[in-house]
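*Asks:* give me a 3D structure for the following:
(2 chains)
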Number of protein chains: 2
Amino acid sequence: MNAKPTRSRDASPSSLLLAEAAQAPDVVARLLDANRKPLERLVAELERRPPAFAATVARGSSDNAADFARYCLESALGLVTASVAPSTVTRYGADLRLENGLLLAISQSGESPDLLAVVEQARRRGAITVAIVNREDSPLAALCAHCLPMQAGAERSTGATKSFIASLAAILALVAAWGRDAELGRALHLLPDLLRQAHDVDGSPAVPLFAGARSAFVLGRGRSYPIAREIALKLKELAVLHAEAFSAAEVMHGPLALLSPGFPVLAVGAADATEEGLRDAMLALRGHGAIVAGASASPLLLQAADIPVALPAAPHPALDPIVAAQAAYGLVHAVALARGHDPDAPRHITKVTKTL
Amino acid sequence: MNAKPTRSRDASPSSLLLAEAAQAPDVVARLLDANRKPLERLVAELERRPPAFAATVARGSSDNAADFARYCLESALGLVTASVAPSTVTRYGADLRLENGLLLAISQSGESPDLLAVVEQARRRGAITVAIVNREDSPLAALCAHCLPMQAGAERSTGATKSFIASLAAILALVAAWGRDAELGRALHLLPDLLRQAHDVDGSPAVPLFAGARSAFVLGRGRSYPIAREIALKLKELAVLHAEAFSAAEVMHGPLALLSPGFPVLAVGAADATEEGLRDAMLALRGHGAIVAGASASPLLLQAADIPVALPAAPHPALDPIVAAQAAYGLVHAVALARGHDPDAPRHITKVTKTL
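*Replies:* Numbers count the residues shown, from 1 in each chain, chains lettered A, B, ... in the order given. As a prediction, this is how the structure comes out:
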């Protein structure tokens, strides 16, 4: 165990978590290439039968990626996007009226029976079904009419990294293709290089803030909020820290009561129209005694933080959250070590959780 | 301050929070009556122009009520229901394709500018717009084509109680009317009496579990999950306890790592098809050292708890979550007092939060 905060990559060069996270840039390069044809076929069908809405179905980290899909589909394409709770189908026996919808199922393993139950219903109803999945030989890939492979290779770490990054990239590739957004398409091809820079970001100044904490908030807004959720999940799972994610809008309601002097907050924000709202929330939390680490490429947000962690600037703000997720793995890893936990062997957890 | 856990209603007879919570049964009786005509008119329009999907927009406690609407509309009517993040409209300038949708805006005050921005867009697009709102003279009520009043009267407590219960009841009244579900309609008329019994439930055996806790989980499944979210929000806001809600399906992923011997968990569950999944999660958490208080009318769930808190049995399982919410106010109040906080004066918080 290493209780002294050090540069994350040096702290444990043999870490499976960081080794897999380091593969994410190559995974993204591969998936952008491999998904060109599947996306052409999918977009052709989406243009032939434009869906009235989208729905996602996913669990765990993949559900955080699904939430990113919601923000992207809504903000870029105006497509209202629901998150289907599998229990409505598997427990309440609901017959979901998905016939006018696009159903997006996101899963690393592609095996979860409750996801399969929702997709089966969507197929029967005539929805356009799409799997964003890593295991291309999985039941989920077989069941969906369209498959966008993550191309992440075997993921052995309990904490998903490269498959999460891959999901986010696949979602943006879909948005760029469907929206004929050449600017976003070009920006995506710079993502692998940005992710390499993000992996090298030195988050160590922020580690002491979380090393001895009992509780923490992870703050996001807009497209960055799902990444805040994923970082909070990772801090719980790997660093045994009760971190909870809030949007900058919601944190000013009840959660504010938890603040006391020194309360640790990590804010992740993009250099886009959500900047000012997030900045205001960061300053308000600081006003109530919180110490705020800010991971961003936005000068406004870096300035608003007690502990700024500068991220590489992306050519399109929709990429900022993916860059933040990649940079966070080093921080989470270092916080876990500083708290005396092995991020490669999280407590009580096994890799595949099948829910029905 | 009263640090000794006592019967909640007796602990502080002058509590504004409990006084307003005690009004909920009469509020519900009033709203069922007052909404008969508005619901007839709304259902007539929904049958004339059946929406392809629903979308909700809300903040804070009202957003937890909106999540209850999602579960109810999906499970009872098969209507896929999205939660719109206002920031997609107010920050990213999205033009949401709501023309085939039902938009449900839920708010006590009816004043939040970001909700209004989404509703304005929905109106322009031709969506069927419905406000579930307490202040009938509010901008939100004026803007929506349909208004289902909460009939809660003035709500002065910072912690919403009767307006939250009213939202849930209004949602079920809509589901019963639209689905021509006479059984649910009849059951709803028994809700005021059930709520009176729920208000009298003695949660004091569970208070010591949370009195000295640093962190806690609130567990739900299906329609009870949004209520778990609301209880966790109340525990943060009023009892200054970092409580986080999880569905019984998601808790078995990363959050499990936080468990250590004595970790406090509150499970709220209905006597319906979600029972067994929730029971399994409760037992699994206990297997990892958690101490589980279970608030339910289900014998299966009461048996699975270390500390059972029996709730009155409802004639329809869709009512169980509302009964649980009502019963939780006494528990939250007692936990707040036991932790040395005044639930009528939460830290840092003001009643109306306007977000744009």
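
*Asks:* count the neighbours of the closest residue to chain B within the stretch 251-356 of chain A for me.
*Replies:* With Cβ to the nearest Cβ as the measure, residue A:254 is the residue of the stretch 251-356 of chain A nearest to chain B, at 3.1 Å. C-beta: built from backbone N, CA, C; applies to glycine. The number of residues packed near residue A:254 is 26, by other Cβ atoms under 10 Å in any protein chain shown.

*Asks:* with residue A:321 instead?
*Replies:* Quick note: residue A:321 (other Cβ under 10 Å) scores 28 neighbours.

*Asks:* is any part of the strand or helix carrying it close to chain B?
*Replies:* Assigned by DSSP states H and E, residue A:321 falls within helix A:320-338. No - against chain B, helix A:320-338 shows no contacts by Cβ under 8 Å from any Cβ of the partner chain, the least distance being 10.0 Å.

*Asks:* one step back: and the residue of the stretch 251-356 of chain A closest to chain B, how far is that from residue B:191?
*Replies:* With distances taken as Cβ to Cβ, to the nearest Å, residue A:254 is found 26 Å from residue B:191.

*Asks:* so where do the strands sit in chain A?
*Replies:* Assignment of strands within chain A using DSSP state E yields the ranges A:53-57, A:81-83, A:101-107, A:128-133, A:146-149, A:215-220, A:242-247, A:264-269, A:291-296, A:307-310.

*Asks:* so what does the fourth one touch, helix or strand wise?
*Replies:* This points to strand A:128-133. Packing contacts for strand A:128-133, counted by 3 or more Cβ pairs under 8 Å, 6 or more residues apart in numbering or on different chains; DSSP states H and E, involve helix A:36-48, strand A:101-107, helix A:113-125, helix A:139-143, strand A:146-149, helix A:162-178.

*Asks:* report the buried residues of the first one.
*Replies:* Read it as helix A:36-48. A:38-39, A:42-43, A:46 (16 or more other Cβ atoms under 10 Å in any protein chain shown).

*Asks:* before we move on, back to that, rebuild the strands of chain A as CSV, extending it with distance to residue B:311, mean neighbour count and mean pLDDT.
*Replies:* Output for the strands of chain A, formatted as CSV (distance: least, Cβ to Cβ, whole Å; neighbours: other Cβ atoms under 10 Å in any protein chain shown; pLDDT from 0 to 100):
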stretch, distance to residue B:311, mean neighbour count, mean pLDDT
strand A:53-57, 31, 27, 98
strand A:81-83, 28, 25, 98
strand A:101-107, 36, 29, 98
strand A:128-133, 40, 28, 98
strand A:146-149, 45, 22, 98
strand A:215-220, 29, 26, 98
strand A:242-247, 27, 24, 98
strand A:264-269, 36, 29, 98
strand A:291-296, 41, 25, 98
strand A:307-310, 46, 19, 98
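
*Asks:* can you report phi and psi for residue A:159?
*Replies:* Backbone torsions of residue A:159, given as degrees, to the nearest 10, read phi -80, psi 110.

*Asks:* residues contacting it?
*Replies:* A:17, A:234, A:237-238, A:332, A:343, A:346, B:254 (Cβ atoms under 8 Å, 6 or more residues apart in numbering or on different chains).

*Asks:* what would the strands of chain A look like in CSV with distance to residue B:57?
*Replies:* Converted to CSV, the strands of chain A look like this (distance: least, Cβ to Cβ, whole Å):
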stretch, distance to residue B:57
strand A:53-57, 15
strand A:81-83, 13
strand A:101-107, 19
strand A:128-133, 26
strand A:146-149, 30
strand A:215-220, 19
strand A:242-247, 14
strand A:264-269, 23
strand A:291-296, 27
strand A:307-310, 33
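
*Asks:* which regions of the stretch 251-356 of chain A sit below the pLDDT cut-off?
*Replies:* In the predicted model of the stretch 251-356 of chain A, residues A:350-356 satisfy pLDDT under 70.
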